[in-house]
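Participant: how would this look folded up:
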Amino acid sequence: MGNPKSEAWDLIGSDYWAASYNGGPTGADITAMLEGVEGSTQVAVVGASTVHLIRAAVDRGTRVTVLDFAPGQRAAIQEAARDWSGGERCSVEHYDATEPAPPALRGRFDLVLADRLVNRFTDDEALAGVPSLLSLVAPGGRLRTTIRLGLYDRDRALIAAAEPEGRVAEFFDADAMEIDYGRAGDLLDRALPRHGDIPRATILDFYRLRGPEKRMTVQDVERYVAASRASVKARIVAADPLPLTSVDTLFDIEVE
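Facilitator: Numbering: from 1, shown residues only. This next block holds a predicted model:
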């Protein structure tokens, strides 16, 4: 049985980037994530929904391997790439970052990119997932991952809607800083903002199916990187706000 969270991403499919909703980095944020990338760089993008980042890496003449756990997402990016100039340089493989990387993927890439992927994890998943991501990186290479630290605006809106009714604890564990939209019931419909032209019922089901997620601090990220040391030596070399989407932090992590 695959990761149950993949059902959420297959439900939304290419709407995540094609229905007037930009769900990933664009513009100057992509430039920051692709710093130093040239034709010979072996790049992996973990998360097929970050289509603009994938396309920009392909446009630099690199070979890009897209890794995703959801079969529908993998199929959607394969179809999209057929229409790109250079799309033949884009390949797609199955990978679940909450599991150990298969041997064929370990140490294979000069640069591994992930946009807010770590934000989709629980604490336990992140303790397994960040070391798994780092295991994809060749010695001397980098993992660059964006992470939104603290609560999202939509978390705050949901909590604000729940507080007058005394319902926050139904979906938010303030001690663990884990939130589960699937347990928010009718509150989610009241509080969740529109996502472009994605149908309302689809976006509500998407969030409910994503399961619990950890809201993180810098110290949490440091702990996740440290968890890799039994198999991969890595260090955070930079952690800076993205130039455009300044609420997200770009962690640049080097593998020895």
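Participant: For burial, what's the neighbour tally of residue 148?
Facilitator: Per other CB atoms under 10 Å, the neighbour tally for residue 148 reads 18. C-betas here are computed from N, CA, C, even on glycine.
Participant: Just give the nearest non-adjacent residue to it, would you?
Facilitator: residue 248 (5.1 Å; CB to CB, 6 or more residues apart in numbering).
Participant: any idea how far that neighbour is from residue 113?
Facilitator: Remark: distance between residue 248 and residue 113 (CB to CB, to the nearest Å) = 13 Å.
Participant: Please apply the same query to residue 199.
Facilitator: Taken as CB to CB, the span from residue 199 to residue 113 is 29 Å.
Participant: Also residue 149?
Facilitator: Applying CB to CB, the value for residue 149 to residue 113 is 18 Å.
Participant: And these two? Which one has more around it.
Facilitator: Set side by side, residue 149 and residue 113 show more neighbours around residue 113, with 28 against 17, by other CB under 10 Å.
Participant: Next, the contact list for the nearest residue to the more buried one once chain neighbours are set aside, please.
Facilitator: Nearest residue to residue 113, sequence neighbours excluded (CB to CB, 6+ apart): residue 45, at 4.9 Å. Residues in contact with residue 45, defined by CB atoms under 8 Å, 6 or more residues apart in numbering, are 53, 54, 57, 64, 65, 66, 67, 112, 113, 114.
Participant: show me what contacts the first one?
Facilitator: Just to be clear, that refers to residue 53. Contact analysis of residue 53 by CB under 8 Å, 6+ apart lists 24, 25, 30, 33, 34, 45, 113, 115.
Participant: and the gap between it and residue 191?
Facilitator: As defined by CB to CB, residue 53 lies at a distance of 29 Å from residue 191.
Participant: and what of the fourth one?
Facilitator: Distance, residue 64 to residue 191, by CB to CB: 36 Å.
Participant: just the last one next, same as before
Facilitator: Using CB to CB, we find residue 114 at a distance of 27 Å from residue 191.
Participant: So between the two, which is more surrounded?
Facilitator: Relative neighbour count places residue 114 above the other of residue 114 and residue 191, with 27 against 18, counting by other CB under 10 Å.
Participant: Shouldn't that one be within a helix?
Facilitator: No - counting by DSSP: H, G, I helix; E, B strand; the rest coil, residue 114 is located in no helix; its state is strand.
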